[in-house]
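Asks: 3D, please:
(2 chains)
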Amino acid sequence: MARVFFEGITKRFGDVYAVRDLTLEVQDEEFFVLLGPSGCGKTTALRIVAGLEEPSEGDIHIGDRVVTEVPAKDRDLAMVFQNYALYPHMSVYDNIAFGLRMRKHSKDEIDRLVRDAVATLGIAELLKRKPGQLSGGQRQRVALGRAIVRRPQVFLMDEPLSNLDSKMRVQMRSELIRLHRELGATFIYVTHDQVEAMTMGARLAVLNEGRLQQVGTPQDVYDRPENLFVAAFIGSPAMNLLDAEPAQVDGKACVRAGGVDVALPDALAKQLEASGASSLVMGVRPEHLDLSVKEPAVTFEGKVDLVESLGSEQHITVAINGNSLIARIAASEKIEHGASFQLAVAPQHVQLFNASTKERIGP
Amino acid sequence: MTAVAGATARKNASRSSGVVRRWLRRLPAYTLLIVCSVILLFPLYVTAVFSLHPLTEFLKEGAPSLWPSFWQWDNYFASGEGVSDTPVGRYLFNSFVMSTVITLGQLITATLSAYAFAFLKFPGRNALFVAFLATMMVPLEVSIIPNFQTMQWLDAHFTEQAWLSWTHIRFIDGFPGLVAPFLATGFGTFLLRQYFMTIPRELLDAAEMDGYGHLRTLIHVVMPLGKGALATLAIFAFLQAWNQYLWPLLVTNDPNMRTVQIGIAAEAANISRINVAFAGTIMAFLPMLLLVVAFQRYLVRGLFGGSVKG
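Replies: Got it, this is the predicted structure:
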């Protein structure tokens, strides 16, 4: 059982809070992602699990043990570092065997374990090389080999793919997913890259300024961001956010944003009323804005400011009453810069946030 | 055809004139370097030539010749009259032991203290490091008297007190006295700390995760990576120890404990063997020359391939 439980973890460096009161449970054998912008405390949180940092407050549980006071080497976990941290003066073999030598394995056993690990990762032919003679992807595999050779219960990964080129990153992403499936261990994976977080994590936690913002499955977090930070952080291009205020049209609750009245679905209207919020932010994902939607729809009008073609689709920035909206449109549509343009959205795709608390309103 | 040949000739001409121009541009720098080299190497050359002269060359009128007239290798090797016959062997041995022990001592103390200053967090770390640096500003001449008094005091204790005298440790006229003040230096600590700080922190974290404590991390990770810096410190320490004059002069009276620098100086005072004294000087210098030539690459090269993504 290798569930990892953060119990009220706080970490201060002088007056600066790196992590604030983080309580979080990672399930046994789960692929869990800590996601956030740089400086949000995700790496510090990981280092606290690793035992490389001591929390100022709170406890770390691994399995049934409280490990806060347990030295790193006795926590039964392995870490993969962002820059790989391979020992440059040792061969690949020695790099992988280094940790085993401390653990009093016999020479034959070390040899067997190292060969198992490199076979899993397909780097058997590199054993005699030094890290300096390896490509980025190979170094990454060696770093993984060093982690898996000890068969730990928990793997900690600190942005392990961020130093790879984009093609290699995609390949390693799927290899990591496969590795997780084969090893059946708990993975805690730190990244600032939301694509990695969305594609790899069974669940993810979004951190900002040391505080936990939201925990959930990637789809959950994407569909129902709990606050404005998560809404703006997850998704590329980012969610369109417009200042809005509650209004009434024909006795029905709606919001006024970008000069347009948006009628709300009943459930959302009720929750808006219940929240009593007076100033709002309305959010719409770029893929929910289109040239036309089946009725009922709300239409924004403006001028095309920017057309970015990605081959498979295009991102259109439209200026609307001092705001701008980004829409994902099929590549087949001919859209010209400066043209008048209409964007439609179905009301059920509208998300609302309280502008003063920055919290989500709605189901 | 001729047009092509003409163009080629012109190209060749302009290429060779380019070479000439490049040489002309470098000429002042090379001239300066050659002049400096001659100034630096001249005394060495004179010593080498004089070490091969027969004694008569020094006794005749006028200055001794600057060319070896008669290659008298006997100054070095002949039994009964060459360097090999003077206690120079003993001097060299003394210098070698003293320099080796000082070098090893500095490597050990500097490695440990530099590791602490570079990687450990402890209260007063910065203040202590500044204190270490401050010792670099204190010249030998300032500390030499108190150091000598300490050695005298220690020597007296070790010879007079029954519970110490059985060790036969001597601080005057003994190796302990020759090496003691130089076993730890601020310079060594500073040099290694600066180098250790360039080692990526993750390597130490990785070693910690792998279960290595501080001492093992130092031995298996930091020292192999710091090989270049350790070699640099070793060469500096050895050279400095080897070339010491004032301190060995002060703490040794017994001719048997003389280091080569003092032994040669004493030898040079004997005019009847001046050529042999020059030969002795060359012999004192050769080990240093070999050391610098052998380890020169460590003075320039760092060892970093592939520790981090490059």
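
Asks: where are the low-confidence patches of chain A?
Replies: Scanning chain A for pLDDT under 70 picks out A:1, A:293-295.

Asks: so which residue of it comes closest to chain B?
Replies: residue A:132 (2.9 Å; CB to the nearest CB). C-beta: built from backbone N, CA, C; applies to glycine.

Asks: may I see the buried residues of stretch A:30-40?
Replies: Neighbour counts over stretch A:30-40 (16 or more other CB atoms under 10 Å in any protein chain shown) mark A:30, A:31, A:32, A:33, A:34, A:35, A:36, A:40 as buried.

Asks: let me fix that: stretch A:157-175
Replies: Result for stretch A:157-175 [16+ other CB under 10 Å]: buried residues A:157, A:158, A:159, A:160, A:161, A:163, A:164, A:168, A:169, A:172, A:173, A:175.

Asks: residue B:147 and residue B:102, how far apart?
Replies: Going from residue B:147 to residue B:102 by CB to CB, to the nearest Å gives 14 Å.

Asks: quick one: the helix or strand hosting residue A:145 to chain centroid distance?
Replies: Under the criterion of DSSP states H and E, residue A:145 resides in helix A:136-148. Its chain's average C-alpha position is 22 Å from that of helix A:136-148, according to CA atoms, centre = their mean, to the nearest Å.

Asks: likewise for stretch A:9-25?
Replies: Mean C-alpha position of stretch A:9-25 versus that of the full chain (CA atoms, centre = their mean) differs by 19 Å.

Asks: that stretch vs chain B: in contact?
Replies: No. For a cut-off given as CB under 8 Å from any CB of the partner chain, stretch A:9-25 has no contacts with chain B; the smallest distance is 11.4 Å.

Asks: which residues sit against that stretch?
Replies: Outside stretch A:9-25, the residues within contact range by CB atoms under 8 Å, 6 or more residues apart in numbering or on different chains are A:3-8, A:41, A:44-45, A:48, A:53, A:55-60, A:205, A:207, A:209-212, A:215.

Asks: do that again at 6 Å, thanks
Replies: With CB atoms under 6 Å, 6 or more residues apart in numbering or on different chains as the test, stretch A:9-25 has contacts from A:5-6, A:8, A:41, A:44-45, A:55-58, A:205, A:210-212.

Asks: who wins for most neighbours among those?
Replies: Ranked by the number of neighbours (other CB atoms under 10 Å in any protein chain shown), the contacts of stretch A:9-25 place residue A:45 first, at 29 neighbours.

Asks: which element, helix or strand, includes that residue?
Replies: Assessed by DSSP H and E, residue A:45 sits inside helix A:42-50.

Asks: helix or strand next in line after the helix holding residue A:145, which one?
Replies: Next along from helix A:136-148, by DSSP H and E: strand A:154-158.

Asks: helices or strands next to that following strand in the packing?
Replies: With contacts taken as 3 or more CB pairs under 6 Å, 6 or more residues apart in numbering or on different chains; DSSP states H and E, strand A:154-158 sits against helix A:42-50, strand A:77-80, strand A:186-191.

Asks: and these as TSV, adding distance to chain B?
Replies: Output for the helices and strands packed on strand A:154-158, formatted as TSV (distance: least, CB to the nearest CB, whole Å):
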stretch	distance to chain B
helix A:42-50	6
strand A:77-80	5
strand A:186-191	14
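
Asks: who wins for proximity to residue B:196 among these?
Replies: Comparison of these against residue B:196 by CB to CB identifies helix A:42-50 as nearest, at 20.7 Å.

Asks: can you list the buried residues in the closest one?
Replies: Buried residues in helix A:42-50, defined by neighbour count with 16+ other CB under 10 Å: A:42, A:43, A:44, A:45, A:46, A:47, A:48, A:49, A:50.

Asks: and which of the residues you listed is nearest to residue A:309?
Replies: Looking at the buried residues of helix A:42-50 and their distance to residue A:309, the nearest is residue A:42, at 33.7 Å (CB to CB).

Asks: where does the residue lying closest to the closest one once chain neighbours are set aside fall, helix, sheet strand or coil?
Replies: Excluding the flanking residues, the one nearest residue A:42 by CB to CB, 6 or more residues apart in numbering or on different chains is residue A:34, at 4.2 Å. Counting by DSSP: H, G, I helix; E, B strand; the rest coil, the backbone at residue A:34 sits in strand.

Asks: close enough to count as contact, residue A:34 and residue A:206?
Replies: No. Between residue A:34 and residue A:206 there is no contact under CB atoms under 6 Å: 8.5 Å.

Asks: now residue A:97: which helix or strand?
Replies: Residue A:97 is part of helix A:92-101, with elements assigned from DSSP H and E.

Asks: with distance to residue B:286 as added columns, please give the helices and strands packed on strand A:154-158 in a markdown table.
Replies: Shown next, in a markdown table, are these (distance: least, CB to CB, whole Å):
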| stretch | distance to residue B:286 |
| --- | --- |
| helix A:42-50 | 54 |
| strand A:77-80 | 52 |
| strand A:186-191 | 58 |
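
Asks: residue A:130: neighbour count?
Replies: So residue A:130, with other CB under 10 Å, has 18 neighbours.

Asks: and residue B:46, by the same measure?
Replies: For residue B:46, the neighbour count with other CB under 10 Å is 13.

Asks: doesn't it lie inside a strand?
Replies: No. When classified by three-state DSSP, residue B:46 is found to be helix rather than part of a strand.

Asks: now for the closest residue to it other than its chain neighbours, how many residues are close by?
Replies: Leaving aside its sequence neighbours, residue B:46 sits nearest to residue B:66 (CB to CB, 6+ apart; 6.8 Å). Number of residues near residue B:66 (other CB under 10 Å) recorded here: 10.

Asks: what's the domain layout of the chain?
Replies: No chain in the question, so chain A it is. Split into domains by automatic domain parsing, chain A comes to A:4-232, A:237-361.

Asks: look at chain B instead
Replies: Listed by automatic domain parsing, the domain ranges of chain B are B:2-76, B:86-300.

Asks: helices and strands around the longest helix anywhere in chain A, which ones?
Replies: Ranked by number of residues, the top helix in chain A under DSSP state H is helix A:166-183. Applying 3+ CB pairs under 6 Å, 6+ apart, we find helix A:166-183 packed against no helix or strand.

Asks: which SS class is residue A:314?
Replies: Judged by three-state DSSP, the three-state class of residue A:314 is strand.

Asks: any idea how far it is from residue B:233?
Replies: In terms of CB to CB, residue A:314 sits 62 Å off from residue B:233.

Asks: more crowded one of the two?
Replies: Under the criterion of other CB under 10 Å, the comparison of residue A:314 against residue B:233 puts residue B:233 first, with 26 against 17.

Asks: state the helix or strand in which the more buried one lies.
Replies: helix B:227-242.

Asks: report the buried residues of that helix.
Replies: Residues of helix B:227-242 classed as buried: B:228-238, B:240-242 (neighbour count, 16+ other CB under 10 Å).
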